[in-house]
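Trainee: sequence-free structure coming up:
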């Protein structure tokens, strides 16, 4: 079996690492070809099992450009020879349209599209032209997979997709892996000293994550607190500059990307999110599985994801003062942090273990291919 993955980016973000986890779960009997709309953005490959057969075809046509008929035909021809085509987010939408226009003629394999959320260009509102493009392009897709109820509502309403095509699959993780306390030196280049407290997050350093907002909200906390932002991306210097402006440069740590979050999240004392847009962030599930309280804006499904005990620390979007207050309350009360964290851990174990997610993806891909059992 050969599967083609067409990503807006295969950098090490939430959806990319989920795709890698699914590829690992499907095992070495499946061959994969991975294409990124951002050339060379293959950071999530570090999470792939070395026994897998994975290619990164350098000669695959670019996924972005003017969607003229000849370019789309060129894209469609490049999709020949695969048993299943998986596309991800807006960056791969031209390929979805190419499949719709030429797939039957060329005998292409079935296509399943995945939508995980929006970048900064649509964080404040969806673009009507893109909504129309999605409606047209998705008409021949076997399934449209979304991870959040908000995206499900958008797919059914704004994009006018039939109920039979839309599949809600909640993101899951190996919750058991997050139970053990990591070593104090698990974060590269950083050792947690006795008595130190960490506000931490896992995020690509991109504008939509609005990490300077988190720096400003954190700045009120006492001296023993550190802010640890695990991830990599183009906003690194903007985050560091905000820390210098707030006078906390010595308390900010940017250790870079960590391939296995279960080895570091447990070192955090509070998990914080500051994004302008999310849907069902895997990082929140990871924090919950590690037994952490979560302070976050009410973006995407976050308010529904966390335990009832945690909900009051999910604050109105863009209300930076409210986010700062949540951090202050949690930082001042270790017993409260533990109680909220314990409730989150129980919720994660009950509702967000990866076994249900993997089973749902197997069923979705198998149904698209007409198989009674997917590998």
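Mentor: Yes, it's here. As the structure is a computational prediction, the values presented were derived from the model and not from experiment.

Trainee: go through stretch 115-133 and flag the buried ones.
Mentor: 115, 116, 117, 118, 119, 123, 130, 133 (16 or more other C-beta atoms under 10 Å). Placement of C-beta: from N, CA and C, glycine included.

Trainee: ok now that stretch, how far from the chain's centre?
Mentor: The chain centre lies 16 Å from the centre of stretch 115-133; the measure is C-alpha atoms, centre = their mean, to the nearest Å.

Trainee: average model confidence for that stretch?
Mentor: Per-region confidence: stretch 115-133 scores 85 on mean pLDDT.

Trainee: quick one: contacts of it?
Mentor: The contact list for stretch 115-133 (C-beta atoms under 8 Å, 6 or more residues apart in numbering) reads 14-15, 88-90, 93, 97, 144-148, 151, 154-155, 158-159, 206-208, 276-279, 300.

Trainee: nearest to residue 47, of the buried residues of stretch 115-133?
Mentor: Of all these, residue 116 has the smallest distance to residue 47: 16.4 Å, by C-beta to C-beta.

Trainee: what about the nearest residue to residue 274 once chain neighbours are set aside, neighbour count?
Mentor: Once flanking residues are discounted, residue 274 sits nearest to residue 214: 3.7 Å by C-beta to C-beta, 6 or more residues apart in numbering. Neighbourhood size, residue 214 [other C-beta atoms under 10 Å]: 28.

Trainee: measure residue 214 to residue 55 for me?
Mentor: As for residue 214, its distance to residue 55 is 38 Å (criterion: C-beta to C-beta, to the nearest Å).

Trainee: give me the domain ranges for the chain.
Mentor: 2-172+354-369, 175-351 (automatic domain parsing).

Trainee: any chance of those domains in JSON lines, with distance to residue 375 too?
Mentor: What follows is the domains of the chain, written out as JSON lines (distance: least, C-beta to C-beta, whole Å):
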{"stretch": "domain 2-172+354-369", "distance to residue 375": "5"}
{"stretch": "domain 175-351", "distance to residue 375": "23"}
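
Trainee: returning to that earlier point: among the buried residues of stretch 115-133, which lie within strands?
Mentor: Among the buried residues of stretch 115-133, no member falls in strands (DSSP state E).

Trainee: buried residues in stretch 144-160, which are they?
Mentor: Buried residues in stretch 144-160, counted by 16+ other C-beta under 10 Å: 144, 145, 146, 147, 148, 150, 151, 152, 154, 155, 156, 159.

Trainee: got the end-to-end distance for that stretch?
Mentor: Taking C-alpha to C-alpha, to the nearest Å as the measure, stretch 144-160 stretches 12 Å from start to finish.

Trainee: need phi/psi at the nearest residue to residue 340 once chain neighbours are set aside.
Mentor: The shortest distance from residue 340 to any residue other than its chain neighbours is 3.9 Å, reached at residue 293 (C-beta to C-beta, 6+ apart). For residue 293, the backbone dihedrals (degrees, to the nearest 10) come out as phi -80, psi 150.

Trainee: hmm, back to that, quick check: the two most widely separated of the buried residues of stretch 115-133?
Mentor: Between any two of these (C-beta to C-beta), the greatest distance is 18.3 Å, for 123 and 133.

Trainee: ranges for the strands of the stretch 51-200 of the chain?
Mentor: Here the stretch 51-200 of the chain has its strands, by DSSP state E, counting those that start in this stretch, at 53-55, 84-88, 111-114, 143-146, 166-168, 197-202.

Trainee: now the angle between strand 197-202 and the helix or strand where residue 345 lies, please.
Mentor: Per DSSP states H and E, residue 345 falls inside helix 334-351. Using axes from the mean of the first three to the mean of the last three C-alpha atoms, to 10 degrees, the inter-axis angle of helix 334-351 relative to strand 197-202 is 30 degrees.
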